[in-house]
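In: Take this sequence and fold it.
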Amino acid sequence: MYGGGSRGRCVLGSAYPVRAKMDWYLPSVVLHILAVLFWFGHMFFWSIVVGPITKKIAPPESGQLLRQASLRYGGLGWPALAVLLITGIVMLAYRGATIQQMMSGEFFLTPFGRILRTKFLLVACMMLYQFLIGHRSAPRLIYLNMLAGLVIVGLSILLTRAPTYFGFAWKFF
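Out: Residues are numbered from 1 along each chain as shown. Next comes the predicted model:
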């Protein structure tokens, strides 16, 4: 599909080198990190700061009004997830993963794929939590949801930094 060279990657069939994949990778990483910050920041802010404050507002109707307004205008969670999906696909493509490999399950048998599968599972659990419970009162579950978010960040760091830190490269096949 593409060849290497000192001037960057070139797409076969083109008359000159085109840094097609690399041109999208860095913006995807930046957008991915920003979307994670918005998603987790929104979740942590509403759970740790706004939730307890709205319970203490007198009269209680005012707190409920604030909560209903936040639900009506939505949040950053679902749009951030859409950005995460798109940028995640771009970053996986840059690393050589194809949709066919992922759909067949072959990709998830590699060390990289097993960690990514765990990350995907935790994201799915967080999405299920948000869909089923959302902003309703679930004091203990929200902390489990936040812990899942922190584990996802840790797995992401492992996926991106472990190869350079431990001196090996992820091998897909």
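In: mind showing which ranges of this structure have poor pLDDT?
Out: Within the chain, the set of residues satisfying pLDDT under 70 comprises 1-22, 60, 62-63, 66-67, 69-75, 135-139, 163-173.
In: Could you pick out the longest helix of it?
Out: helix 139-166 (DSSP state H).
In: Show me what that helix is packed against.
Out: Other elements packing on helix 139-166 under the criterion 3 or more CB pairs under 8 Å, 6 or more residues apart in numbering; DSSP states H and E are helix 20-44, helix 111-132. Placement of C-beta: from N, CA and C, glycine included.
In: buried residues in it?
Out: Buried residues in helix 139-166, defined by neighbour count with 16 or more other CB atoms under 10 Å: 142, 145-146, 149, 152, 155-156, 158-159, 162.
In: got it, and stretch 112-125?
Out: Those buried within stretch 112-125 under the rule 16+ other CB under 10 Å are 112-113, 115-117, 119-120, 122-123.
In: tell me which of the buried residues of helix 139-166 is nearest to Pro59?
Out: For these, the residue nearest Pro59 by CB to CB is Ile142; the value is 24.9 Å.
In: just checking, that closest one touches Pro52?
Out: No: checked against CB atoms under 8 Å, the pair Ile142 and Pro52 is beyond contact range at 11.2 Å.
In: Please verify my assumption that Cys125 contacts Ala148.
Out: Yes: in terms of CB under 8 Å, Cys125 counts as a neighbour of Ala148; the distance is 5.9 Å.
In: Does anything pack onto the helix or strand hosting Trp78? Which helices or strands?
Out: In this structure, Trp78 sits in helix 77-94 according to DSSP states H and E. With contacts taken as 3+ CB pairs under 8 Å, 6+ apart, helix 77-94 sits against helix 20-44, helix 111-132.
In: Tell me which residues touch the residue nearest the centre of the chain, please.
Out: For the chain, the residue sitting closest to the mean C-alpha position, by CA atoms, centre = their mean, is Leu84 at 4.8 Å. Contacts for Leu84 were tallied using CB atoms under 8 Å, 6 or more residues apart in numbering; they are 32, 35-36, 39, 123.
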